[in-house]
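> Build me a model:
(one chain, ligands or ions: 1)
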Amino acid sequence: MKAAVFHAAHDIRVEDVPAPTSVGPRDVLVRPYWCGICGTDLHEYAMGPIVTPATPHPLNGSVIPQILGHEFSAEVVEIGTEVTSVKVGDRVTAMPLLFDNECYYCRRGLNHLCVKMACVGLSYAWGGIAEFAVLPDSILTVLPEGVTELQGALVEPAAVAAYGVDTGHVRPGDNVLITGAGPIGALATLYAASLGARVFVSELNPTRQELIRSLGVAEVLDPSQLDVAAYLKDLHEGIGVDAAIECSGNERALQTALASVRSAGRVVQTGLHTRPASIDPMVLSEHDITLAGTWCYPVTDFPRIVNLIAAGRYPVEKVVSAQIAMEDIVEKGFETLLSPTGDQVKVLVNARR
Ligand SMILES: [Zn+2]
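The predicted structure follows:
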């Protein structure tokens, strides 16, 4: 079968690999439709192996070369003898985190923090950018009629964004700042708006500013044109926003988020920083501010996200900037997304072309 395989930094190949030949009793054979390219995939391409295992993974023994793809929708083509949660022909999305179910965190229901965590498409035998994949039935959520295959491929990043906003305790009528309008920032914007918040988005890149305007649910603030924190305080009688969700992994953006929230507000770090950032912790003390981080999402959150999409409240497909064929994944996917002059936000790969 055809698959996009990570071998090493700057070496991702679309090549023929052996297709799965057996389906265990609790496993499901799927045929992916669409799969997103994630920031984690980009990091692997640029400087990996980081998350992909260079030595056998402690949970499942997987090792590079690795079939990529952990944000995907698929059709069920075969089920194991003990599977009852899905049937052949179902359209599904996969919650890609895999865990041992026995460590300190798993015993407390915090499976996304499992000490042996693995992930489909990063540290597992199969991935979503391939003609076929074998997955445990426990990670699948059926897509109801009205949720498209394209939307199904966006449930994973949509869950990341939702967890960030939820950790900010955002409520209807709240004022919320999102810093950074990449895929997660754009999805966080849609999600916060779906909760009934008034949303402001700080973003420098004109293409990404335009994407946020096109969503029609948020005000765009350009930090090169105005002092975002001062603007938000002026707008709210010197108070500031109730919560800020930092989605850029940028030091200045984190500082802006901390300067923009009201006393007893919450700042959530959802974007990944690649180097240390300097903040003034006195602000946290003086203003009773909570600074929280989020990692992935609760592993039980996918059915809720799918329901929100089905209800028309979370139009996740609006963040897609390109749909490409698998064979074009390096040139039109990775290279374009990493280009400093690139104008892509979210690229979805058709696993069947
Ligand atoms: Zn565990």
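
> How about the contacts made by the closest residue to residue 296 other than its chain neighbours?
Once flanking residues are discounted, residue 296 sits nearest to residue 112: 4.4 Å by C-beta to C-beta, 6 or more residues apart in numbering. C-beta: built from backbone N, CA, C; applies to glycine. Shown in contact with residue 112 (C-beta atoms under 8 Å, 6 or more residues apart in numbering): 97, 99, 295-299.

> just the residues you listed that are near the ion?
Filtering these for neighbours of the ion using C-beta under 5 Å from the ion leaves residue 99.

> So which of the contacts of residue 112 sit within strands?
Residues of the contacts of residue 112 located in strands (DSSP state E): residue 97.

> Buried subset of the contacts of residue 112 as a PyMOL selection?
Buried residues among these (16 or more other C-beta atoms under 10 Å), as a PyMOL selection:
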select buried, resi 97+99+296+297+298+299
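
> how far away is the residue of the stretch 251-353 of the chain found nearest the ion from residue 3?
For the stretch 251-353 of the chain, the residue closest to the ion is residue 299, as judged by C-beta to the ion, at 10.7 Å. Distance, residue 299 to residue 3, using C-beta to C-beta, to the nearest Å: 25 Å.

> Also residue 291?
41 Å.

> Give me the more crowded residue out of the two.
Neighbour comparison, residue 291 and residue 3: the larger count goes to residue 3, with 27 against 18 (by other C-beta atoms under 10 Å).

> if we can go back for a sec, contact partners for the nearest residue to the residue of the stretch 251-353 of the chain closest to the ion once chain neighbours are set aside?
In space, and not counting its chain neighbours, residue 299 is closest to residue 111: 4.6 Å by C-beta to C-beta, 6+ apart. Residue 111 makes contact with 97, 99, 101, 105, 299, according to C-beta under 8 Å, 6+ apart.

> got those residues as CSV, with pLDDT columns?
Below are the contacts of residue 111 laid out as CSV (pLDDT from 0 to 100):
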residue, pLDDT
97, 98
99, 98
101, 97
105, 98
299, 98
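
> Mind telling me what element residue 74 is part of?
strand 72-79 (DSSP states H and E).

> In helices, which of the contacts of residue 111 fall?
residue 105 (DSSP state H).

> Relative to residue 183, which of the contacts of residue 111 is nearest.
residue 97 (18.3 Å; C-beta to C-beta).

> OK, contacts around that closest one?
111-112, 114, 117-119, 139, 296, 299.

> Make TSV out of those residues and add secondary structure.
Formatted as TSV, the contacts of residue 97 follow (DSSP: H, G, I helix; E, B strand; the rest coil):
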residue	secondary structure
111	helix
112	helix
114	coil
117	coil
118	strand
119	strand
139	helix
296	coil
299	coil
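
> quick one on the thing from earlier: looking at the contacts of residue 111, which is nearest the ion?
For these, the nearest to the ion is residue 99 (4.6 Å; C-beta to the ion).

> if I pick that closest one, what's in contact with it?
Counted by C-beta under 8 Å, 6+ apart, residue 99 has contacts 59, 106, 111-112, 114, 116-118, 299.

> Residue 117: how many residues sit nearby?
24.

> what separates it from residue 85, distance-wise?
Applying C-beta to C-beta to residue 117 and residue 85 gives a distance of 22 Å.

> Residue 158 too?
Using C-beta to C-beta, residue 158 is found at 21 Å from residue 85.
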